[in-house]
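Asks: Sequence and predicted structure are below.
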Amino acid sequence: MSTLHRLTVYFDGSCPMCRREIAIYRRLPQAASVDWVDVSSGAELGSLSCAQAMARFHVRDNQGRLFSGAAAFSQMWRLFPGWRWLGWLSAWPPMSWVFEGAYRLFLPLRPRLQKWVRRWAQEEKA
């Protein structure tokens, strides 16, 4: 990771839902300070395995610390004006536990939601 980048975000580019969400963040101020890595493209992930990266959302800070799940979102949100409040709120216990619990509840639903988003996107194109 370049020292210019404050954060490396590992995302699943094969997931239509993930692509849409990341596209929102990439349009925000400070997005240039993020190194966006699509883990589905076979990019180099360092000590993070592809299986780990595909299973949960991960970010790495400029000190090399790896965060996953709700903690990863919290780190990312704190970079962006308008989202910082959510980043700080989601890092504060007991809210951090609530956010991580919600993230863990979301994970098993993700494959079904992906199918729905794919179908919706195809209908939108038609």
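Replies: Noted; the coordinates are in hand.

Asks: Confirm residue 9 sits in a strand?
Replies: Yes. Read with DSSP: H, G, I helix; E, B strand; the rest coil, residue 9 is one of the residues of a strand.

Asks: residue closest to the middle of the protein?
Replies: Using Cα atoms, centre = their mean, the residue of the chain that lies closest to the mean C-alpha position is residue 57, 4.8 Å off.

Asks: From what I see, that residue and residue 68 are in contact.
Replies: Yes. At 6.6 Å, residue 57 and residue 68 qualify as touching, with contact defined as Cβ atoms under 8 Å. C-betas here are computed from N, CA, C, even on glycine.

Asks: how distant is the helix ranked longest in the chain from the center of its chain?
Replies: For the chain, the helix that runs over the most residues, judged by DSSP state H, is helix 110-125. A distance of 19 Å separates the centroid of the chain from that of helix 110-125, by Cα atoms, centre = their mean, to the nearest Å.

Asks: Name the residues of that helix that are buried.
Replies: Judged by neighbour count (16 or more other Cβ atoms under 10 Å), helix 110-125 contains these buried residues: 114, 117.

Asks: got a list of contacts for it?
Replies: Contacts of helix 110-125 with the rest of the structure, by Cβ atoms under 8 Å, 6 or more residues apart in numbering, involve 15, 16, 17, 20.

Asks: tell me which of those is nearest to residue 61?
Replies: Within the contacts of helix 110-125, proximity to residue 61 (Cβ to Cβ) peaks at residue 15, which comes in at 23.2 Å.

Asks: List the residues that contact the residue nearest to the centre of the chain.
Replies: If you count contacts by Cβ under 8 Å, 6+ apart, then residue 57 has 10, 11, 68, 69, 72, 73, 103 around it.

Asks: among those residues, which are in strands?
Replies: 10, 11, 68 (DSSP state E).

Asks: Good, wrapping up.
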